[in-house]
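Student: any chance you can model this:
(one chain, ligands or ions: 1)
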Amino acid sequence: MTVTAGTTTTKADAVRLRGVSKRYPGGTLALDGVDLAVRPGEFVCLVGASGCGKSTLLNLVAGLDAATAGSIEVDGDRAAFMFQEPALFPWLKVGQNVEVPLKLRGVPRAERRERAAELLRTVRLKDVTDKRPHELSGGMRQRVALARTLAHDASVLLMDEPFAALDAMTRDALHDEIERIWLERNLTVLFVTHNVREAVRLGDRIILLASRPGRVIEEFHVDQPRPRRLEDPEVAALSGRVTERLKEEVRRHVS
Ligand SMILES: Nc1ncnc2c1ncn2[C@@H]1O[C@H](COP(=O)(O)OP(=O)(O)OP(=O)(O)O)[C@@H](O)[C@H]1O
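Tutor: This is a model prediction of the structure:
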């Protein structure tokens, strides 16, 4: 899904939030005065305890919901969203699923076919164009969802725990894919995850959110060269620091 979020920004940031708060109708203050700037081409991971407002923040950036206060700007005014569930249309073939965003933009049929085939090659899927989603594995379905997300031609990708439902080996392979595609296409990625190691594996920067209300409490720059491996000692060490900070925050809440 491609959505327009806020006013187009012409400044150096790909995404900018200033003083963003979100109070839901029931009264929950999910986000409280969040400031965040993401540079073009940056891979930023949002981590935090359950309920700290990660998904709320992504939804606001996507324009799927409105902030109660503050402003949100997205460069190029388009961001494409990828969720934990691939959310493919079961009655459409794989290729047709990838073509949906192109069809919505009025891209002619022959060109759609060609683009969908190219995008399926990009996510390393071959010979599945005419299959239905239920014929594919979970990892393959998430690759199709990624191809469909790329079909929006947005420079900003919003990813809400896209690999959380996958087994460890499949997730590892998809980390490699998203990193390669991000670099090749010079994308800006805002990536929500519960998994601190995943954040260190992928992110240029990790933003730690505190809960009730959701606020940015710390950020970590990840300087290790790429590609990183989940089992690298440096990844483990930084994951340990981030996790410790996260636990401190959780303890602060229960005490
Ligand atoms: N539509 C809604 N109406 C009311 N409250 C909501 C709504 N969506 C989320 N909340 C509340 O806002 C807070 C933040 O929720 P959100 O889903 O953004 O957190 P999260 O960090 O993504 O959580 P998780 O990691 O468990 O997915 C929570 O207290 C949640 O119960």
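
Student: residues contacting the residue nearest the centre of the chain?
Tutor: By Cα atoms, centre = their mean, the chain has its centre lying nearest to Met159, at 1.6 Å. Contacts for Met159 (Cβ atoms under 8 Å, 6 or more residues apart in numbering) come out as 81-82, 178, 189-192. Any C-beta I mention is one placed from the backbone N, CA and C, and that applies to glycine too.

Student: tell me the contacts of Ala12?
Tutor: 39-40.

Student: does it fall in a helix, a strand, or a coil region?
Tutor: coil (DSSP: H, G, I helix; E, B strand; the rest coil).

Student: and stretch 69-79, how far from the chain's centre?
Tutor: Taking Cα atoms, centre = their mean, to the nearest Å, one finds stretch 69-79 lying 15 Å from the centre of the chain it belongs to.

Student: correction: the previous question concerned stretch 72-82.
Tutor: In terms of Cα atoms, centre = their mean, the centre of stretch 72-82 is found 11 Å from the chain centre.

Student: when you give positions from now on, start the count at 53
Tutor: Sounds good: first residue 53 from here, last item stretch 124-134.

Student: what's the mean pLDDT across it?
Tutor: Stretch 124-134 shows a mean pLDDT of 86.

Student: neighbours of the closest residue to Ser107 other than its chain neighbours, how many?
Tutor: Excluding the flanking residues, the one nearest Ser107 by Cβ to Cβ, 6 or more residues apart in numbering is Asp212, at 5.7 Å. By the other Cβ atoms under 10 Å criterion, the neighbourhood of Asp212 contains 21 residues.

Student: partners of Asp212 in the sheet?
Tutor: Val244 (DSSP bridges).

Student: now do Leu69
Tutor: With DSSP bridges as the criterion, Leu69 is bridged to Leu88, Ile124.

Student: coming back round to it: pLDDT score for the residue nearest to the centre of the chain?
Tutor: pLDDT recorded at Met211 is 96.

Student: repeat for the one 3 residues further on
Tutor: Among the per-residue scores, Pro214 holds a pLDDT of 93.

Student: what's the answer for Gly58, then?
Tutor: Taking Gly58 on its own, its pLDDT is 38.

Student: likewise for Val175?
Tutor: Predicted confidence (pLDDT) at Val175: the value is 92.

Student: wait, isn't it in contact with Val196?
Tutor: Yes. Assessed by Cβ atoms under 8 Å, Val175 is found in contact with Val196 at 7.3 Å.

Student: and the two? Which one has more around it.
Tutor: Neighbour comparison, Val175 and Val196: the larger count goes to Val196, with 25 against 22 (by other Cβ under 10 Å).

Student: any idea how far the more buried one is from Met134?
Tutor: 11 Å (Cβ to Cβ, to the nearest Å).

Student: Leu154 sits in which helix or strand?
Tutor: Element membership for Leu154 (DSSP states H and E) is helix 146-156.

Student: how about that helix: buried residues?
Tutor: Neighbour-count burial for helix 146-156, with 16 or more other Cβ atoms under 10 Å as criterion, is recorded at 146-154.

Student: stretch 112-132 too?
Tutor: Per 16+ other Cβ under 10 Å, stretch 112-132 contains these buried residues: 112-115, 119, 122, 124-127, 129-132.
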